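# sequence? don't have it. structure:
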């Protein structure tokens with residue numbers, strides 16, 4: 001066996017099992033010295049040559065997240081995640097009061113409206129701590145797909161639904177449309193004032209706060225400037241949903257605060273698992289292991305999505321791979337590493353088999369074991385520290401979500417005058433229900449291929465060593481769609497030997513593109529479908545179908561403008577499952593790559 005996982009105590013309150021990086025020569029990597037190091041690591045031999053940086057205390061050191069160039073006024077918000085757990089402990093009583101109020105008001109459902117980023121922490125918490133029988137069912141809507149909105153509306157008793165609206169300093173066109181739609185529905189059907197069916201999470205002085213005050217929302221929670229950032233589970237973006245799930249927030253925060261003592265300035269560095277983890281990730285990146293597979297136990301599967309966004313925000317050029325169907329371990333390339341997260345004293349047949357197979361193959365691996373669900377808060381914090389350490393070790397500045405980011409999202413005109421989406425023009429090829437659209441960088445190669453099937457193969461022939469496939473699926477998710485996309489990813493991973501990432505209706509890249517090295521290595525496949533439902537937006541001269549289609553185009557054009565290899569496959573007709581099956585079969589090559 002190439003290595004073993006060791007355990008160590010991480011404070012009195014709970015145990016965190018050790019983090020160890022294993023390589024094919026069974027040399028454990030110990031990345032932290034008395035000073036935080038930027039390792040220049042040859043991971044195959046274990047030789048280390050490191051440049052020592054000045055000592056860094058993770059509690060409040062601006063070098064971890066300060067924007068470049070430094071802006072003194074941004075420092076407080078940049079470092080808010082460090083103090084948020086302790087600060088938010090004081091808010092637990094009012095959050096518990098909200099939960100009790102909603103429970104007594106006999107709501108049947110809670111629906112969170114907002115961007116995918118705003119809903120990330122809530123999605124993780126809801127999947128890990130499902131509400132007890134007496135509590136309302138918690139749902140998340142971060143989509144503008146009319147099919148998803150109509151399906152959700154059909155499953156709601158509007159009069160017994162509480163809507164939780166999340167936004168920052170600007171209100172994006174997507175979130176505003178969601179709010180207008182459901183506010184209109186509540187006004188039409190509820191006997192009580194419409195505002196009593198809404199709770200807002202906003203920044204002080206924002207348009208969302210103004211709307212919430214004007215409409216007399218039941219509650220308005222104003223995020224502290226020290227806790228900004230959509231990803232933060234310790235801001236109101238995470239803790240208001242926690243209250244509405246009936247969670248024991250005090251216990252979660254207490255355990256998180258206990259774990260913070262690992263990173264105190266006077267604590268031994270070998271007890272700071274967050275810094276060790278971040279330095280390990282930096283060493284893997286330097287060694288070319290920049291595809292990190294995040295493999296979770298089923299009960300915490302959604303944590304991978306949150307970790308993926310957090311890692312991407314560092315700008316380190318690491319590609320987090322989440323929910324990729326496993327393949328034979330020997331099929332994974334030398335650009336891979338793995339993170340396994342599981343619960344202590346639990347058996348997971350598929351996960352355990354993958355861990356054991358990897359130990360035999362000895363891809364670098366990080367194995368983390370949590371004591372129970374309440375360790376989730378400490379795990380959030382560990383990875384926040386790791387992300388900051390990763391960025392520092394690579395000489396980067398962790399990207400901090402700011403008002404400027406939100407303003408940029410809100411102000412980009414993704415719709416033409418009159419609310420019409422101009423689309424991408426004529427397809428390069430079409431066959432039955434499948435139509436192919438090409439970005440400029442790959443157009444010549446695809447045109448020379450001829451048929452749609454040949455174009456698909458030619459697109460993947462553009463892959464290079466260390467490549468990966470990024471799928472943007474603008475299709476209505478369902479178990480059947482999930483299975484087909486998973487099968488498509490497995491086909492690509494097995495036949496082409498490259499990593500695959502996928503997200504449904506991802507955040508629109510309106511202000512740029514992936515990091516330069518990711519754009520150069522990535523193949524970007526956008527999958528779209530015909531809209532079968534037309535859902536109007538009150539007060540707008542366009543509907544959700546037009547808004548969603550415009551978002552698809554905005555993402556495609558941003559990728560194309562940045563020089564990415566991008567292609568769109570549009571699924572026509574009324575059978576997206578059948579069209580996806582046909583698409584997957586086209587990816588099985590008739591010639592060797």
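Received the coordinates, thanks. Quick caveat: nothing in here was measured; it's all calculated off a predicted structure. Numbering: from 1, shown residues only.
# Let me know the secondary structure of residue 547.
State at residue 547, reduced to three classes by DSSP: H, G, I helix; E, B strand; the rest coil: helix.
# and it, how far is that from residue 532?
Between residue 547 and residue 532 the computed distance is 16 Å (CB to CB, to the nearest Å). Heads up, the C-betas are built off the backbone N, CA and C, glycines and all.
# what's the answer for residue 278, then?
For residue 278, the distance to residue 532 equals 46 Å [CB to CB].
# Give me the more crowded residue out of the two.
With neighbours defined as other CB atoms under 10 Å, residue 278 and residue 532 compare such that residue 278 has more, 31 against 13.
# Please, which helix or strand holds the more buried one?
Assigned by DSSP states H and E, residue 278 belongs to helix 273-286.
# Output the contacting helices and strands for the next helix or strand after that helix.
Downstream of helix 273-286, the first helix or strand assigned by DSSP H and E is strand 291-296. The contact analysis (3 or more CB pairs under 8 Å, 6 or more residues apart in numbering; DSSP states H and E) places strand 291-296 against helix 303-313, strand 319-322, strand 336-343.
# Tell me which of those lies nearest to residue 353.
Nearest of these to residue 353, taken as CB to CB: strand 336-343 at 11.6 Å.
# Can you list the strands that the closest one pairs with?
When pairing is defined by DSSP bridges, strand 336-343 lines up against strand 291-296 (parallel), strand 365-370 (parallel).
# The first one versus helix 303-313: what angle between them?
Counting by axes from the mean of the first three to the mean of the last three CA atoms, to 10 degrees, strand 291-296 lies at 150 degrees to helix 303-313.
# next one: the last one
For strand 365-370 against helix 303-313, the angle by the same axes, to 10 degrees is 130 degrees.
# what's the angle from strand 365-370 to helix 273-286?
Using the same axes, to 10 degrees: strand 365-370 against helix 273-286 is 160 degrees.
# The first one too?
Angular relation of strand 291-296 and helix 273-286 on a 0 to 180 degree scale: 140 degrees, by the same axes, to 10 degrees.
# roughly how far is strand 291-296 from the heart of the chain?
Remark: strand 291-296 is offset 13 Å from the chain centroid, using CA atoms, centre = their mean, to the nearest Å.
# Any regions of the stretch 301-450 of the chain where pLDDT drops low?
By pLDDT under 70, the low-scoring segments of the stretch 301-450 of the chain are 397-423.
# where along it do the helices fall?
303-313, 349-361, 376-393, 403-411, 440-447 (DSSP state H, counting those that start in this stretch).
# could those helices be laid out in CSV, adding mean neighbour count?
Output for the helices of the stretch 301-450 of the chain, formatted as CSV (neighbours: other CB atoms under 10 Å):
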stretch, mean neighbour count
helix 303-313, 21
helix 349-361, 15
helix 376-393, 26
helix 403-411, 17
helix 440-447, 15
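# Identify whichever of those helices lies nearest to residue 493.
helix 349-361 (13.7 Å).
# now for that closest one, which elements pack on it?
strand 336-343, strand 365-370.
# Could you dump the ones you listed into CSV and include mean neighbour count and distance to residue 113?
As requested, those are exported to CSV (neighbours: other CB atoms under 10 Å; distance: least, CB to CB, whole Å):
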stretch, mean neighbour count, distance to residue 113
strand 336-343, 22, 29
strand 365-370, 22, 30
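# Reformat these as CSV; add distance to residue 435.
Shown next, in CSV, are these (distance: least, CB to CB, whole Å):
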stretch, distance to residue 435
strand 336-343, 34
strand 365-370, 41
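# and residue 284, which of the helices of the stretch 301-450 of the chain is closest to it?
Taking the helices of the stretch 301-450 of the chain one by one with CB to CB, helix 376-393 is closest: 9.6 Å.
# for the stretch 51-200 of the chain, what spans make up the strands?
109-113, 137-141, 161-166, 198-202 (DSSP state E, counting those that start in this stretch).
# between those strands, which one is nearest to residue 290?
strand 137-141 (30.1 Å).
# Flag every buried residue along the closest one.
138-141 (16 or more other CB atoms under 10 Å).
# Present the residues you listed as a markdown table; the columns should include pLDDT.
Output for the buried residues of strand 137-141, formatted as a markdown table (pLDDT from 0 to 100):
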| residue | pLDDT |
| --- | --- |
| 138 | 97 |
| 139 | 97 |
| 140 | 96 |
| 141 | 95 |
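# from those residues, which is closest to residue 198?
So of the buried residues of strand 137-141, ranked by how close each gets to residue 198 (CB to CB), first place is residue 141, at 13.6 Å.
# Please report the distance of that closest one from residue 520.
35 Å.
# mind checking which helix or strand the residue nearest to residue 446 when sequence neighbours are not counted is in?
Nearest-residue entry for residue 446: residue 455, 4.4 Å, with adjacent residues in sequence omitted and distances by CB to CB, 6 or more residues apart in numbering. Element membership for residue 455, per DSSP H and E: helix 452-461.
# report the angle between the axes of that helix and helix 440-447?
Using the same axes, to 10 degrees: helix 452-461 against helix 440-447 is 130 degrees.
# and helix 452-461, what other elements does it pack with?
strand 429-431, strand 434-438, helix 440-447, strand 522-529, helix 576-586.
# Quick one, grab the pLDDT at the nearest residue to residue 199 once chain neighbours are set aside.
Leaving out its chain neighbours, the residue that sits closest to residue 199 by CB to CB, 6+ apart is residue 219, at 4.6 Å. Here the pLDDT value assigned to residue 219 is 97.
# repeat for residue 3
In this model, residue 3 carries a pLDDT of 23.
# now do the one 5 residues further on
According to the prediction, residue 8 has pLDDT 24.
# Could you list the low-pLDDT ranges of the stretch 151-300 of the chain?
In the stretch 151-300 of the chain (pLDDT under 70), the answer is 225-231, 262-271.
# out of the helices and strands packed on helix 452-461, deepest packed?
Comparing the helices and strands packed on helix 452-461 by mean neighbour count (mean count of other CB atoms under 10 Å), strand 522-529 ranks first with a mean of 24.
# From the chain's centroid, how far away is that one?
On CA atoms, centre = their mean, the centre of strand 522-529 falls 17 Å from the chain's centre.
# That one - contacts with which helices or strands?
The contact analysis (3+ CB pairs under 8 Å, 6+ apart) places strand 522-529 against helix 452-461, strand 468-474, helix 544-561, strand 565-571, helix 576-586.
# Deepest in the core, which of these is it.
Taking mean count of other CB under 10 Å, strand 565-571 is the most buried of the helices and strands packed on strand 522-529, at a mean of 25.
# Give me the contacts around that one.
Strand 565-571 is touched from outside by 424, 427, 433-439, 441-442, 446, 459, 462, 475, 522-530, 552, 556, 559-560, 579-580, 583, with contacts defined as CB atoms under 8 Å, 6 or more residues apart in numbering.
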